[in-house]
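>>> sequence-free structure coming up:
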C-alpha cells in the first residue's frame, strides 16, 4: 500500500506556493487550476527538479526530502514517473529505446515481461524501431507514458494529458489512464484545467489558485457546487449574484433571498436574516420555457426577457433579464430550434432550489 | 624583393642583400648598378640580468644561456652564421668546441633583427646578435650591455641602393643616389651607428 | 502544370539564377588561389625534395603533435566551461562568456606579446616559475600555449551555442527516469549537440594548425622544437619560393585530411541516432 505525503513551501519572486498533499495508490489526484497557479511547480518540486524553501516529501514511508533534517534524495533516485505536457521524447532514440531508456541495458525475463505488459496495455507493441518524430500525437503520448512506467515508479505525474488532443482522443486517453491506474496500481497525480477530465478521472481534487489549495475534496462536488467564490470563478460558474437573506425555513430546508426584485429559494445555510450572501447556479441547471409552466416542483420560476443569444461549441447560452436580475441559461441547439426563441422575446426560466449554492469568499 | 619582382613600381630600392639585387638585375627588372652607401658591424647584446655571468665572448658557451639570432632568410641571419662559422678554426677538442656549445644555446631563429632586439631587451633571451646600430639605440642600451666580438670573427653588413624600374623620375633618382654618398648623408648614418667609407 | 504554378516558378527563377551566379563567383574566388597554389607547387621540381627533407618532416610532426595536444586540452576544458555558461543565469558567467571570446579579435602578435608579459621570464607568472626552474618561452609547451590561447574560443563558442540550443527539459526528463546527470550528459546532451561540437572541433583545430603570429612571438622559431608548418613556410618564403610553395601545399593537404576526418566522424555518429 503506497501512500504519498508532501508538504511544500516555495517562494520565487512574488510567487508563494504552500500546499499539502496526501494520497494513496487508489487515488487519482487532480490538481485543478489555471496556468500560472503553480501546478507544474508542484510537479517539479515532487520530482526534485526544483527545491522547496521548506518542505517534506515521503513516498511509501521513505522520506525523499526533508528540509528540517536536511535529507535530500536527488531527482534521479526518486523513482517518480513523469509525463510532461509536450511528452519530450528523445529525438535521437527510437521508440523502443525511448521506452526502455530508464531500464538496464540487459533485461531479465521478468523485466521483459513487465515491458511487454506496458506495451500491450498502451497498444504500442508495433511501434518498435520507428523514429519518434514520425508518430502521431496520441502515439507519442502513449510512448511517453510507457517510458514513465518502465521504471516502476512509486508515483506517476501526468501534466495536462488531454490538452493537445482532439476530442476523440481525449476520451480514449481518459480510459487509458484509468486502465493504467488499475493495472499498475500507482498513485497518480493529474494536472489539468479541463473540468470534464477532472470529473472523469479524479478521485480527489485540489483547486489551486496563486499557489494555495483553495478548495479540496470530491471532484463532482467541487466542480458541481463549489464552496468558495474563487473556485466558482475558476470553474466558470456562469451565474454568481449577490442576494440578501429574507427568510429561513428550517422545516423545508429553504432559505429565501432577495436578488434585486426577485425572491430566489436556495438550500438552508447557516445564515441570518439580513445577511448579504453570494449565490451561484450553473447555466446548465437553468431550464427555459416559452410558456409559463404549471404543476411543476421547481421552486424558482421567473419571467424574463431574452436579451442575447450566444452559440459556442458546447451549446446555446441565453442571456436573460428580469428587472435588474440577470441569468444565463444553457440549452441545446435543437431545444433552441424547437422552442423558436428569438432575441427580445419573453420567456420563463426555472430551476430547483437545490441547484443553487452559497459561495464564501 | 618579392614585390618588386612581381611588378611593384619603386624609385629607389635599398637592401642589405646584394643577392636580391643581383637577382633583380638578372631577371631584367633593374638595369643599373647598385652603390654601397653604408655598412654595419654586428654586435652582441646581453640583457642586464646577466651582469657578472656573461662578460666575454667565450662565456656564450656556458650553461643555461639563451641566445637569440635571426634566421638565415634575412641578411643579418647569414652574417651571424658566418660569424659562427669563422669560429671553426678556434676549436681544439670537441669538449671545447665553442661553436657547438654556442649553437646549443640558440633557442630561436627570428624572422627579423627587430625581434631579436626585442626579445633580448625583454629578457626572454639572455643574448642577441644584432647590428651595431641597433645596439646603440637608447632603449636597447637601457636594458642591455654589449660584449666584444673578437675582431677576426666579426662580420660586416653592407647596404646597397639602386635605381628602381619606375619610369619618369630619372633625375630625382640620380639625385637621391648622389645624396646618399654625400657628407650630410654620411653624418646622419654615422649618428645612427652605421659605418660609412 | 496550371498557369498559377508556372507563374510561381517563374517568380522563383531570377533569384535562383542570381543565387547560382553568386555561388559560382564565390567558389571561384576561393578556389582559384588554392588551385594556383596546387598547380605551381606541384609543377616545381623541388616538390619532393622539400617534402622529404628532415626540416619539413619535423615541421609536420611538430604541427600535428602540438595541434592535437592543444585540441585535446581545449575540448576537455572547454566543454564543461561552455556547458556551464550555457546553462547558467549568473551575470558573472555571462561576462565570462564575452571575455572568453576575446582572443578571436585580438591580433595574434598581440596575443603573443601578452603571453610573454604573463609567462615570459619577467612575466607575472613566468618570473616565479623561472625561480622554480620552469621556463616556458622558446619551448614546445609555448607553442601549445599559443595555439590554445588563440584557438580555444572557436570551440567554446560553438559548444556553448549548441548546448544552449537543446532543451534543458530533455535533460531533466532523463534524470526523472533514473539516470544521473553524468549519464544524461553523455547519452542525451552530447548526441544532440554532436554536430555543433564537431564543427567547433574542426574550427579550433584549423586555427591551431594555422597559428603563426603568437607562436613566433612567444615560442620563437627553432626547428624540431617550435618551428611549426606556418613558421616553416614563412622562413622558406624569404629565400626559396618553391620551398614555401611545397610546404604550403603540404599544410593544405594535412588540413584537408583533418577536416575530412572530422566530417566523417560527425556524420557517422549522426547515423547512430535512431
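Yep, it's here. This is a predicted model, so every value here is computed, not measured.
>>> list the contacts for the residue of the stretch 101-250 of chain C found nearest chain A?
Taking CB to the nearest CB, chain A has its nearest neighbour within the stretch 101-250 of chain C at residue C:177, 3.5 Å off. No exception for glycine: its C-beta is placed from N, CA and C like everyone else's. By CB atoms under 8 Å, 6 or more residues apart in numbering or on different chains, the contact list for residue C:177 reads A:76, A:101-102, A:147-148, A:150-151.
>>> so who does the residue nearest to it when sequence neighbours are not counted touch?
Distance criterion CB to CB, 6 or more residues apart in numbering or on different chains; nearest residue to residue C:177, sequence neighbours excluded, is residue A:102 at 3.5 Å. Residues in contact with residue A:102, defined by CB under 8 Å, 6+ apart, are A:147, A:150-151, C:177-179.
>>> now with 10 Å?
A:76, A:79, A:81, A:147-153, C:173-174, C:176-179 (CB atoms under 10 Å, 6 or more residues apart in numbering or on different chains).
>>> so which of these belong to helices?
With helices taken from DSSP state H, the overlap with the contacts of residue A:102 comprises A:147-149, C:173-174, C:176.
>>> break chain C into its domains for me.
Taking automatic domain parsing as the domain assignment, the ranges for chain C are C:1-43, C:48-271.
>>> can you check chain A too?
In terms of domains, chain A is parsed into A:3-225, A:239-359 (source: automatic domain parsing).
>>> just checking, next helix/strand downstream of the one helix or strand residue B:101 maps to?
Assigned by DSSP states H and E, residue B:101 belongs to helix B:98-105. Going down the chain from helix B:98-105, the next helix or strand is strand B:106-110, by DSSP H and E.
>>> buried sites along stretch C:217-234?
Buried residues in stretch C:217-234, defined by neighbour count with 16 or more other CB atoms under 10 Å in any protein chain shown: C:217-222, C:225-234.
>>> mark which of the contacts of residue A:102 are buried, thanks.
Listed as buried from the contacts of residue A:102 are A:76, A:79, A:81, A:147-151, A:153, C:173-174, C:176-179; burial here means 16+ other CB under 10 Å.
>>> report the two of the residues you listed separated the most.
A:76 and A:149 (17.1 Å; CB to CB).
>>> what about residue A:242, helix or strand, and which?
Following DSSP H and E, one finds residue A:242 within strand A:239-249.
>>> now do residue B:40
With secondary structure defined by DSSP H and E, residue B:40 is part of strand B:35-47.
>>> from residue A:51, how far out is the residue nearest the centre of chain B?
Most central in chain B under CA atoms, centre = their mean is residue B:76, positioned 3.5 Å from the mean C-alpha point. Noted for residue B:76: a distance of 68 Å to residue A:51, by CB to CB, to the nearest Å.
>>> and if you look at residue C:171?
17 Å.
>>> with neighbour numbers in mind, choose between these two.
Taking neighbours as other CB atoms under 10 Å in any protein chain shown, residue C:171 and residue A:51 compare with residue C:171 leading, 19 against 12.
>>> what residues are up against the more buried one?
Residue C:171 sits next to A:49, C:87, C:163, C:179, C:181, C:184-185, C:188-189, C:192 when contact means CB under 10 Å, 6+ apart.
>>> check those residues for burial and list the buried ones.
Counted by 16+ other CB under 10 Å, the contacts of residue C:171 give A:49, C:163, C:179, C:184-185, C:188-189, C:192 as buried.
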